[in-house]
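Q: When you get a sec, could you give me coordinates for this:
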Amino acid sequence: MMVTRTTRIGAIYNPPALVVEYMYSYDGGAYAPPTKRAHRLFHLQNLSQNLSQSSVAKMLMDKFPAYFSSNVPFDQVCRMVGKIFSSSISSAPVLKDVGDLNSVPPDVLNSAKQQMDVVFNAAVVKPGDEGYEYDKKVDFEEPADDCSWD
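A: Residues are numbered from 1 along each chain as shown. Here you go, the predicted model:
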């Protein structure tokens, strides 16, 4: 049986992940104090933006109790998840190249659409914003290439 003791928790912002540093040892039936150091990454990039930081923290602590033992306060995990969420919301995400979106599974397609929505909403100019112009018309130059296909 493996004995673990969490020593530190950290955040990675791109891609969003929670890092848990822990000490561990195999006790072989008798208690042995943790002697080896390791890290575990919990990727948070595919989580819905509708989840609160406390629900994500609770989900992590419930699903992985060995890494979030009694010496890790719930508030600390919440705070780190909140920092990761606020960082990923405030900065435009980097879209991963998934190739042809017509041939990917629905969950990958939905994730790509959510990322595109975030990038679009960060760049959209709405009424009342600086630089907004109602019914903007732009004249384009004639194309240099042959466009007979359209």
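Q: what helix or strand is Lys113 on?
A: Lys113 is located in helix 106-123, with elements delineated by DSSP states H and E.
Q: Quick check: buried residues in that helix?
A: Going by neighbour count (16 or more other Cβ atoms under 10 Å), the buried part of helix 106-123 is 111-112, 115, 118. Heads up, the C-betas are built off the backbone N, CA and C, glycines and all.
Q: Confirm for me that Tyr26 is in contact with Val3.
A: Yes: if you go by Cβ atoms under 8 Å, Tyr26 and Val3 touch, sitting 7.5 Å apart.
Q: Report the rounded mean pLDDT for the helix holding Lys113.
A: Here helix 106-123 scores 81 as its mean pLDDT.
Q: got any ranges where the protein has weak pLDDT?
A: For the chain, applying pLDDT under 70 flags the ranges 1-2, 27-34, 46-50, 88-99, 150.
Q: Tell me where it has helices.
A: Assigned by DSSP state H, the helices in the chain fall at 53-63, 74-90, 106-123.
Q: sorry, back to before: now the helix holding Lys113 and helix 74-90, what's the angle there?
A: Helix 106-123 and helix 74-90 meet at an angle of 70 degrees, taking axes from the mean of the first three to the mean of the last three Cα atoms, to 10 degrees as the criterion.
Q: distance between helix 106-123 and the chain's centre?
A: Remark: helix 106-123 is offset 13 Å from the chain centroid, using Cα atoms, centre = their mean, to the nearest Å.
Q: Stretch 110-130 now?
A: 17 Å.
Q: quick one: Tyr67 and Ile9, what's the gap?
A: Per Cβ to Cβ, to the nearest Å, Tyr67 is found 9 Å from Ile9.
Q: Can you check which residues contact both of these two?
A: Common contact partners of Tyr67 and Ile9 (Cβ atoms under 8 Å, 6 or more residues apart in numbering): Val20.
Q: For the nearest residue to Thr35 once chain neighbours are set aside, give the beta-bridge partners.
A: Spatially, and ignoring its direct neighbours in sequence, Thr35 is nearest to Ser25 (4.8 Å; Cβ to Cβ, 6 or more residues apart in numbering). Beta bridges link Ser25 to Val3, judged by DSSP bridges.
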